[in-house]
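S.K.: My questions are about this predicted structure, shown below with the sequence.
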Amino acid sequence: MAYITFQPKNYFNTLLYDGNGSTNARTGLGFEPDWIWIKNNTNDHDHYLFDQVRGATKYVRTNVGNAEGTASGVTSFDSDGFTLGNSDGMNENGRAFVAWNWRASGSQGSSNTDGSINTTYTSVSTTSGFSISQYTGTGSNATVGHGLGVAPEVVWIKRLTDATEGMYAYMKVIGAGNALSLSEDIAAASAGVLFNSTDPTSSVFSVGTHGSTNASSKSYIAYSFAPKKGFSKFGLYKGNGSTWGVFVNCGFKPAFVLVKKSNDADNWVILDNKRDVSPNPRKLALFPNTSGAQAGDYLIDFLSNGFKIRSTTGSLNNSSSGGTYIYMAFAEEPLVASNGTPATAG
């Protein structure tokens, strides 16, 4: 059984809110977020990512290759949530939004000097296995400190200046010589120059000479994730093409599940425990590589110890071409929490 000494909801939580087109203070999160990912649920709008390392009002997007932008979206990171300005993409009047929130250090952090590149700032939670690092590229093979104290299994990197490509993902399960793009539906591709074909260590992750991760004098943001028993798990499963699909044992009841078919073209898919509160299966998906509104029939059971695929859609469970899928899952509750209470199913 997964037993942990902290509450997952204190390090990851989802907030739903309605836009008002004006100042909009959102509370009830339970912590001060360091990374906020916002999407309009029901309309075509981009995915907007804000973090404390870069500071309020600065965003990047998963579904396009554009450089960092500035808008009156998240105008402050607050002790129990965040405050929004009047930008339509994050706060259009009368529209429904979801915000996925992660906690790191609760501040901008400080420079990490573990790698050959010193970060501008690194904000890190060793408790939950999450860090945010900003750095300036050199154009030569290099390493960057993440501060986690254990090797991350996932690293996402986005170029902030003069960018024309999307956010790239290292995933341990597909190897450091390969990468996925969150901005595209394409399969994992050989791209050793992104991460120098080198797995992260307990202190650093590696970047190669590709402009999307390490161009000379260009600025980057990196999000690093190390798995924590009872809180997060990252891995791979194989589809079976059945409505009684594969079960993934996480050791916790999921609050957030992200899936991408790694060996073929198909959308990234996110389901969570707040947008769809009906009994299993959960079915309302959002897609990091598109601006599209949420769609139903992406069926996943959220269970007390993991998740089970219940859909035959190619984005989740196609048995052709091997049908391999990477996933990232974060907990609502561990199987057994610090108070000794077992998680409930459904």
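M.R.: Now that the structure is in, tell me what you want to look at.

S.K.: From start to finish, how long is stretch 221-235 in a straight line?
M.R.: 23 Å (CA to CA, to the nearest Å).

S.K.: now it, how far from the centre of its chain.
M.R.: Between the centre of stretch 221-235 and the centre of its host chain there is 9 Å, according to CA atoms, centre = their mean, to the nearest Å.

S.K.: could we number from 247 for the rest of this?
M.R.: Happy to do that; since the first residue is 247 now, the last one works out to stretch 467-481.

S.K.: Quick one: the helices in the stretch 447-592 of the chain, in order.
M.R.: For the stretch 447-592 of the chain, the helices defined by DSSP state H, counting those that start in this stretch cover 457-460.

S.K.: Could I get the full set of strands for it?
M.R.: Using DSSP state E, counting those that start in this stretch, the strands assigned to the stretch 447-592 of the chain run over residues 450-453, 465-471, 478-484, 493-495, 498-507, 515-518, 546-549, 552-555, 570-580.

S.K.: Relative to Thr251, which of those strands is closest?
M.R.: strand 570-580 (9.9 Å; CB to CB). Every residue, glycine included, has its C-beta placed from N, CA and C.

S.K.: list the buried ones in the closest one?
M.R.: 570-580 (16 or more other CB atoms under 10 Å).

S.K.: nearest to Tyr381, of those?
M.R.: Checking these against Tyr381 with CB to CB, the nearest one is Met574 at 22.6 Å.

S.K.: Save the strands of the stretch 447-592 of the chain as CSV, and put in distance to Ala409 and mean pLDDT too.
M.R.: Supplementary listing: the strands of the stretch 447-592 of the chain in CSV, determined by distance: least, CB to CB, whole Å; pLDDT from 0 to 100:
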stretch, distance to Ala409, mean pLDDT
strand 450-453, 15, 98
strand 465-471, 9, 98
strand 478-484, 25, 97
strand 493-495, 33, 98
strand 498-507, 21, 97
strand 515-518, 23, 98
strand 546-549, 32, 97
strand 552-555, 33, 98
strand 570-580, 23, 95
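
S.K.: Take those and write them to JSON lines, including distance to Gln540.
M.R.: Conversion of those to JSON lines gives the following (distance: least, CB to CB, whole Å):
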{"stretch": "strand 450-453", "distance to Gln540": "32"}
{"stretch": "strand 465-471", "distance to Gln540": "23"}
{"stretch": "strand 478-484", "distance to Gln540": "23"}
{"stretch": "strand 493-495", "distance to Gln540": "22"}
{"stretch": "strand 498-507", "distance to Gln540": "14"}
{"stretch": "strand 515-518", "distance to Gln540": "9"}
{"stretch": "strand 546-549", "distance to Gln540": "14"}
{"stretch": "strand 552-555", "distance to Gln540": "18"}
{"stretch": "strand 570-580", "distance to Gln540": "18"}
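
S.K.: in the strand or helix carrying Ser379, what's buried?
M.R.: Using DSSP states H and E, the element containing Ser379 is strand 376-382. Residues of strand 376-382 classed as buried by neighbour count (16+ other CB under 10 Å): 376-382.

S.K.: Mind putting the residues you listed into JSON lines with pLDDT and distance to Lys255?
M.R.: As requested, these are exported to JSON lines (pLDDT from 0 to 100; distance: CB to CB, whole Å):
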{"residue": "Phe376", "pLDDT": "98", "distance to Lys255": "14"}
{"residue": "Ser377", "pLDDT": "98", "distance to Lys255": "20"}
{"residue": "Ile378", "pLDDT": "98", "distance to Lys255": "20"}
{"residue": "Ser379", "pLDDT": "98", "distance to Lys255": "25"}
{"residue": "Gln380", "pLDDT": "98", "distance to Lys255": "27"}
{"residue": "Tyr381", "pLDDT": "98", "distance to Lys255": "31"}
{"residue": "Thr382", "pLDDT": "98", "distance to Lys255": "35"}
